[in-house]
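# Fold the stuff below for me.
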Amino acid sequence: MSALITKDLLTMRKIGIKIGFTIVLYVLIFSSMGNSAFLSAIIIMFSAMVLMNTFAYDELAKWDIYLLSLPVTKKQIVLSRYLLGFLFIAVGCAVSALLALLSSKMDSELPVILYCFFALSLCVLAFMMPLLYKFGTQKARLWIILFCFLPTAAATILSELHLSLPSFGPIDDSTSELLLALVLPVSLLLYAGSYFLSCRIFQNKEI
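The predicted model follows:
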């Protein structure tokens, strides 16, 4: 298991400079604006999306064909990717917190923002990973773009038609605290469910 994760980390070294340059660029832009919270959100979501590159490299190298000739199961292969995704998001949170501390512009709500975007990133990967196993990186990208576009398009149409969503009124503090407490457990459950779905897809997939 650790060997599979190490392989992906070594593969990611090839684009490590590009990733580092992108993060530095975001830091320079948003640090000058004093918006450490938004910078943290960008870094965490970016960390989650980096995982897609490991799939792309493996597809180009036909790595799965070779990997399945080794004494590893398909479930172990899938699990290593999910653990790697979790690791990327955790590192993204750590980097975000460190940058906020170093910039001396620590937002009082930053811990809550890190918590929420950690959970949101898990949900993004939970949605994305089965698509990657089912369709591969090229087709999966199209599906991901489509699902991201649909809510935006729906909101634009509602705005043009001067329609609005029903209002549920203000949420009291106890309810908001309960919802906040449930965000991470629900995200972890979705992530676990996504893992089992990806295992089923990969088990039935012909390599």
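
# Which pLDDT value belongs to the closest residue to residue 88 other than its chain neighbours?
Nearest non-adjacent residue to residue 88, counting by CB to CB, 6 or more residues apart in numbering: residue 47, 4.6 Å away. C-beta coordinates here come from the backbone N, C-alpha and C atoms, glycine included. The predicted local distance difference test score for residue 47 is 76.

# Tell me the first helix or strand C-terminal of the stretch of helix or strand residue 47 belongs to.
For residue 47, the host element (DSSP states H and E) is helix 36-49. Sequence order places helix 51-61 as the next helix or strand after helix 36-49, per DSSP H and E.

# Now the helix or strand that that following helix is followed by - C-alpha only, PDB.
The C-terminal neighbour of helix 51-61 among helices and strands, as given by DSSP H and E, is helix 63-67. C-alpha atoms of helix 63-67 as PDB (Å, rounded to 0.1, in the frame of the first residue of the first chain):
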ATOM      1  CA  TRP A  63       0.400   1.500 -15.600                       C
ATOM      2  CA  ASP A  64      -2.700  -0.400 -14.500                       C
ATOM      3  CA  ILE A  65      -1.800  -3.300 -16.900                       C
ATOM      4  CA  TYR A  66       1.600  -3.700 -15.200                       C
ATOM      5  CA  LEU A  67       0.300  -3.100 -11.700                       C
END
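
# Show me what counts as buried in helix 63-67.
Using 16 or more other CB atoms under 10 Å as the test for burial, helix 63-67 gives 63, 64, 67.

# Including distance to residue 124 and pLDDT, could the residues you listed go into CSV?
CSV is the format used below for these (distance: CB to CB, whole Å; pLDDT from 0 to 100):
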residue, distance to residue 124, pLDDT
63, 24, 81
64, 23, 79
67, 25, 81
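
# Nearest residue to the middle of the chain?
In the chain, the C-alpha nearest the mean C-alpha coordinate belongs to residue 48, at 3.0 Å (CA atoms, centre = their mean).
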